[in-house]
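> The following comprises the amino acid sequence and a computationally predicted model.
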Amino acid sequence: MSSIVTLSKRTLVPTLAFQKWSRHSLTSKPLSHCWLVLSKRQGCSASAPVTWRACTVRAGSDRCQSRWDAGNSGGLQNWPSGSRPAARQDKNGLQFGNARMQNIDNFDTSKFFSREAEAALVGSMIINPDCVPKVLSLLPRSDLFYLPENQTIFEALVKLHFAKTPIDPILLRDELKKEGKLDKLKGTSEEEGVLYIGEVVESVTSSALVDYYAKIVLKEAKSRKLWSAAEQIRQVANESGDPDEKIPEIQRIAMSLDTVSNVQGDCQPVCINLADVTPRPIEWLWFERFPKAMLSLIIGDPGLGKSWLTLDMAARISTGRPWPDSPVPGNIAPLGSVVILTAEDHLEFTVRPRLDKLGAHAAKIIAIKGVRSAAGDEYFDVTKHVPALENAIVKCKDVQAVIVDPITAYLGNTDSHKNAEVRAALALLSDLAEKRSVAVVCVSHLNKAQTTKVIYRTMGSVAFNAAARAVWLLAIDKDDEKRRLLVPVKMNLCEEQSSLAFRIVDGHLDFETKPLLLRADEVLGIENTEERTVRDDAKEWLRDLLSDGRVRSTEVMELADREKIAKRTLDRAKNELGVRSEAEGFGKDKIWWWSMP
């Protein structure tokens, strides 16, 4: 019920009536004058503040021309009968004496919130507690929610998260009950609070879009704050007085926007003392080539066999077979499942036939074709759907590797040439790899900068190579078009490994057993002039040394060290000259000799 006061020509007459007043109309059709509506929500106490609302209505019309709001009704009782202040209207509102009635739309910030997004956000946090850290990175404070009930749930979920307590609707209910907030959550009883928790859980079918919901909530919070600050600034500017005295107050209001424009400004660093960190040995998918729990990258020009190589890796994992350089002790693929995302090859016509030829156990290999959520079926996007990928890993239970071919096809709206965006997207995959202890192997193409070092040749930003712990180049042997070379570009976890060579023969990868000492830049014909000169000098020195006959290898190395020739340079000079290395004797008496061919 509303208390309606009519401003007549001679007197201010308060009346009580069940007069309906809405945003655009009055049910009655009064003559053209001003109505003051004192609105009070049903169920409020008699002493609760009420709000003046005023509207001018054209004679004979039920359409409002304008509406105003003037805070509470405290000054109304001071108007003696028959002494109504003169009313003056301008573009900013209605002035009654010293009381100003501002446009009510300027105070209606409730339009800046999404009930659905707020419910979906807290619902996602309940059904998938693993997304809580992501939400906190985007939305660190509960006051960014509009609805008090969602603020309360958010605070309880964050408390459970930092207490490392499992989260589900039952545990959330118990936490709210313990804090005495359950019965105040929605209504006046605990039953209503429990029902509301159920409603927010049912409002979302998947947490895959949690970052999208968080961004909506944050956007609306910023809009509310901006709208409120703009209104406060306008009120101060409209007040009478010296403009210079108003500037500090306006600056204070403007500075208050920082709490929302930089929502992470009040966040504290999450630190860990390294004494509390337990060292872990590196686990290898492929010994000293592809690590587990980390991101690796295979790069190369199109059509050389990158997909063949990754499928061969998947086939070996699915059957627990040795890797091609199996003479290394224990260098056997860990038996398990593989999850693949492939954007360039048909599953029916290419992927499955190749796996069959490679001897794979097809039941151990899962391909993700897309993601199904409340929003419908979507193409997999690393920036949004890593939780769905994690669900697939958990469901399979024994996943050893995830293959993404090519990575650039699954970055959504990420600009692959912007370092910050690429790093943020790949960090999601790296975090997943570490959390689930799986190897994530991504495939990418080379750019067209043929004179640039290979480390900078990956398509897009240099952040791809920076994020990967191991980077391998797959290239063609320029002396044999059917021979493929797998060459190290970057290895952060051990000494740089040797290269491997293979051919694709009748649907199989036929690897050569002898490792190769190759550099990626050399394979692609990228020469470092200074280094080339040093190696040429080393070749000339070694040729002269061996020109009179064979020399013990230990003596060669000692002499090279005196000449300041690095061992790496000496080895490359030896390979390019085709120097023979032969052994004589056995055991401790064995001697290695170097000689020219």
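Received it, and whenever you're ready, just let me know what you need.
> alpha carbons only for contacts and neighbour counts from here, please
Noted.
> from the middle of its chain, how far away would stretch 300-316 be?
28 Å (Cα atoms, centre = their mean, to the nearest Å).
> Of all the residues in that stretch, which ones are buried?
300-301, 304-316 (16 or more other Cα atoms under 10 Å).
> try stretch 122-135
Buried residues in stretch 122-135 (16+ other Cα under 10 Å): 122-129, 131-132, 135.
> which of those residues lies closest to residue 442?
residue 131 (23.7 Å; Cα to Cα).
> From residue 205, how far out is that closest one?
Separation of residue 131 from residue 205 (Cα to Cα, to the nearest Å): 14 Å.
> cool, and residue 330?
Residue 330 is 44 Å from residue 205, by Cα to Cα.
> Ok, residue 455 next?
Applying Cα to Cα to residue 455 and residue 205 gives a distance of 43 Å.
> Ok, residue 574 next?
Counting by Cα to Cα, the gap from residue 574 to residue 205 is 64 Å.
> same check, this time on residue 296
For residue 296 relative to residue 205 (Cα to Cα), the value is 33 Å.
> More neighbours: which of those two?
residue 296 (26 against 15; other Cα atoms under 10 Å).
> Confirm that one sits in a helix?
No: assessed with DSSP: H, G, I helix; E, B strand; the rest coil, residue 296 is strand; it does not lie in a helix.
> So it is in contact with residue 290, correct?
Yes: the pair residue 296 / residue 290 is scored as a contact, 6.5 Å apart, by Cα atoms under 8 Å.
> between those two, what contacts are shared?
439, 441, 470 (Cα atoms under 8 Å, 6 or more residues apart in numbering).
> residue contacts, the second one?
Think residue 441. 290, 295-298, 401-404.
> now those as JSON lines including distance to residue 374?
Output for the contacts of residue 441, formatted as JSON lines (distance: Cα to Cα, whole Å):
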{"residue": "290", "distance to residue 374": "36"}
{"residue": "295", "distance to residue 374": "30"}
{"residue": "296", "distance to residue 374": "33"}
{"residue": "297", "distance to residue 374": "33"}
{"residue": "298", "distance to residue 374": "35"}
{"residue": "401", "distance to residue 374": "28"}
{"residue": "402", "distance to residue 374": "25"}
{"residue": "403", "distance to residue 374": "26"}
{"residue": "404", "distance to residue 374": "25"}
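> Pipe the residues you listed into a markdown table and attach pLDDT per row.
Output for the contacts of residue 441, formatted as a markdown table (pLDDT from 0 to 100):
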| residue | pLDDT |
| --- | --- |
| 290 | 95 |
| 295 | 96 |
| 296 | 96 |
| 297 | 97 |
| 298 | 96 |
| 401 | 97 |
| 402 | 97 |
| 403 | 97 |
| 404 | 96 |
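> where does residue 487 land on pLDDT?
At residue 487, the model reports a pLDDT of 93.
> The one 4 residues further on now?
The predicted structure scores residue 491 at 91 on the pLDDT scale.
> tell me the contacts of the nearest residue to it once chain neighbours are set aside?
Leaving aside its sequence neighbours, residue 491 sits nearest to residue 470 (Cα to Cα, 6 or more residues apart in numbering; 4.6 Å). Shown in contact with residue 470 (Cα under 8 Å, 6+ apart): 289-291, 295-297, 488-493.
> Could you take the residues you listed and lay them out as JSON lines, with extra columns for distance to residue 114 and secondary structure?
Converted to JSON lines, those look like this (distance: Cα to Cα, whole Å; DSSP: H, G, I helix; E, B strand; the rest coil):
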{"residue": "289", "distance to residue 114": "49", "secondary structure": "coil"}
{"residue": "290", "distance to residue 114": "45", "secondary structure": "strand"}
{"residue": "291", "distance to residue 114": "44", "secondary structure": "strand"}
{"residue": "295", "distance to residue 114": "37", "secondary structure": "strand"}
{"residue": "296", "distance to residue 114": "40", "secondary structure": "strand"}
{"residue": "297", "distance to residue 114": "41", "secondary structure": "strand"}
{"residue": "488", "distance to residue 114": "51", "secondary structure": "strand"}
{"residue": "489", "distance to residue 114": "49", "secondary structure": "strand"}
{"residue": "490", "distance to residue 114": "47", "secondary structure": "strand"}
{"residue": "491", "distance to residue 114": "48", "secondary structure": "strand"}
{"residue": "492", "distance to residue 114": "46", "secondary structure": "coil"}
{"residue": "493", "distance to residue 114": "47", "secondary structure": "coil"}
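> quick one: which of these has the most company?
Result: residue 295 is most packed of the contacts of residue 470 (other Cα under 10 Å), 28 neighbours.
> That one and residue 437 touch, don't they?
No: contact criterion Cα under 8 Å: residue 295 and residue 437 do not qualify, at 10.8 Å.
> Does anything pack onto the helix or strand containing residue 314? Which helices or strands?
Residue 314 belongs to helix 306-319 when assigned by DSSP states H and E. Applying 3 or more Cα pairs under 8 Å, 6 or more residues apart in numbering; DSSP states H and E, one finds that helix 306-319 makes contact with strand 295-300, strand 337-342, helix 352-357, strand 399-405, strand 508-511.
> Among the buried residues of stretch 300-316, which pair sits farthest apart?
Farthest pair in the buried residues of stretch 300-316 (Cα to Cα) is 301 and 316. Separation: 24.1 Å.
> Regarding residue 582, what is its secondary structure?
Going by three-state DSSP: residue 582 is strand.
> Wait, it touches residue 596, no?
No: in this structure, residue 582 is not within contact of residue 596 by Cα under 8 Å, at 11.1 Å.
> Comparing those two, which residue is more hemmed in?
Per other Cα under 10 Å, whichever of residue 582 and residue 596 has more neighbours is residue 596, with 18 against 13.
> ok, the more buried one - contacts?
Residue 596 neighbours (Cα under 8 Å, 6+ apart): 543, 546-547, 549-550, 577-580.
> Could you list the low-confidence segments of the stretch 101-250 of the chain?
Within the stretch 101-250 of the chain, the stretches with pLDDT under 70 are 101-111.
> Sketch out the helices for it, chain order is fine.
Secondary structure of the stretch 101-250 of the chain by DSSP state H, counting those that start in this stretch: the helices cover 115-127, 132-138, 148-162, 169-178, 182-185, 190-202, 210-238, 243-255.
> Single out the most deeply packed of these.
Greatest average neighbour count among the helices of the stretch 101-250 of the chain goes to helix 115-127 (a mean of 23), per mean count of other Cα atoms under 10 Å.
> Go ahead and name everything in contact with that one.
Contacting residues not belonging to helix 115-127 are listed as 131-132, 145, 147, 150, 153-154, 157, 167-169, 200-204, 206-207, 210, 213-214, 216-217 [Cα under 8 Å, 6+ apart].
> Ok, stretch 408-427 next?
Residues contacting stretch 408-427 (Cα under 8 Å, 6+ apart): 343, 380-383, 444, 460-464, 467.
> Who wins on neighbours among these?
Counting by other Cα under 10 Å, residue 464 has the largest number of neighbours within the contacts of stretch 408-427, with 26 neighbours.
> who does the strand or helix carrying it touch, helix- and strand-wise?
In this structure, residue 464 sits in helix 463-467 according to DSSP H and E. Where contact means 3+ Cα pairs under 8 Å, 6+ apart, helix 463-467 is packed against helix 419-436.
> Give me the angle between the helix it packs on and strand 399-405.
Orientation check (axes from the mean of the first three to the mean of the last three Cα atoms, to 10 degrees): helix 419-436 against strand 399-405 gives 160 degrees.
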